[in-house]
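> Fold the following for me, if possible:
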Amino acid sequence: MGHEYRDYSKESCPTVKNILLLDSEGKRVAVKYFSDDMPTHAAKLAFEKSVFTKTLKTNARSEAEITMFDGYIVVYKFIHDLHFFVTAGDDENELILASVLQGFTDSIALLLRNDVEKRTALENLDLILLCIDEIVDGGIILETDANNIAGKVATNAVDGAVPFSEQTISQALATAREHLARSLLK
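Below you'll find the predicted structure:
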């Protein structure tokens with residue numbers, strides 16, 4: 001008798017389709033896609049525009065909001081002139097997605113010293129992209145705790161740097177930039 005083998009790893013593990021950070025006009029600040037649902041650049045831009053337009057009239061400032069459209073769940077929050085979005089398939093758990101969004105927004109707030117606005121975000125784009133990489137890899141959620149995310153981004157474990165909580169922000173940013181430079185040179 002043959003046994004049918006099924007790989008449940010993808011089925012049981014929640015996955016994220018994309019993480020978007022847009023400005024107050026719906027333009028990209030930082031985006032990362034983890035699925036082939038939108039294979040072309042034009043399709044991605046169209047998706048971003050539709051998400052932005054659909055959520056624009058909501059008041060997602062104090063708490064995250066959830067919407068569903070086109071077979072996706074989108075969890076989002078606005079901070080100053082930045083709009084944060086986490087998208088997944090409509091079969092995913094909203095609470096897990098909300099924790100991903102919370103980890104993203106809180107880690108950005110930690111790294112930017114609560115100066116969460118477009119200008120500061122663009123000046124520290126490398127840190128934001130590293131945050132996204134620490135939170136989700138290939139669609140799989142790795143981390144949702146903001147302190148862990150910011151700590152991993154801001155410290156370089158290779159040279160045994162001071163823990164993130166004991167660093168000044170300028171030390172943390174310098175460490176993160178060194179880490180990014182090293183990873184790009186590999």
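> Could I have the CA atoms of stretch 116-125 written out in CSV?
The C-alpha trace of stretch 116-125 is given here as CSV (Å, rounded to 0.1, in the frame of the first residue of the first chain):
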residue,chain,number,x,y,z
VAL,A,116,7.8,58.4,11.4
GLU,A,117,7.3,60.6,8.4
LYS,A,118,8.2,60.4,4.7
ARG,A,119,11.3,62.6,4.8
THR,A,120,12.9,60.6,7.7
ALA,A,121,11.8,57.3,6.1
LEU,A,122,13.5,58.1,2.8
GLU,A,123,16.6,59.2,4.7
ASN,A,124,16.7,55.8,6.4
LEU,A,125,15.3,53.7,3.6
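> Other residues contacting that stretch?
Outside stretch 116-125, the residues that touch it by Cβ atoms under 8 Å, 6 or more residues apart in numbering are 21, 23-24, 29-30, 79-82, 105, 108-109, 111-112, 128, 173. For the C-beta atoms, the positions are set from N, CA and C on the backbone; glycine is no exception.
> among those, which ones are buried?
Buried subset of those (neighbour count, 16 or more other Cβ atoms under 10 Å): 21, 23, 29, 30, 79, 82, 105, 108, 111, 112, 128, 173.
> Next, the buried residues of the helix or strand that contains residue 121.
Counting by DSSP states H and E, the element that carries residue 121 is helix 118-123. Of the residues in helix 118-123, those buried by neighbour count under the rule 16+ other Cβ under 10 Å are 118, 120, 121.
> All set now, cheers.
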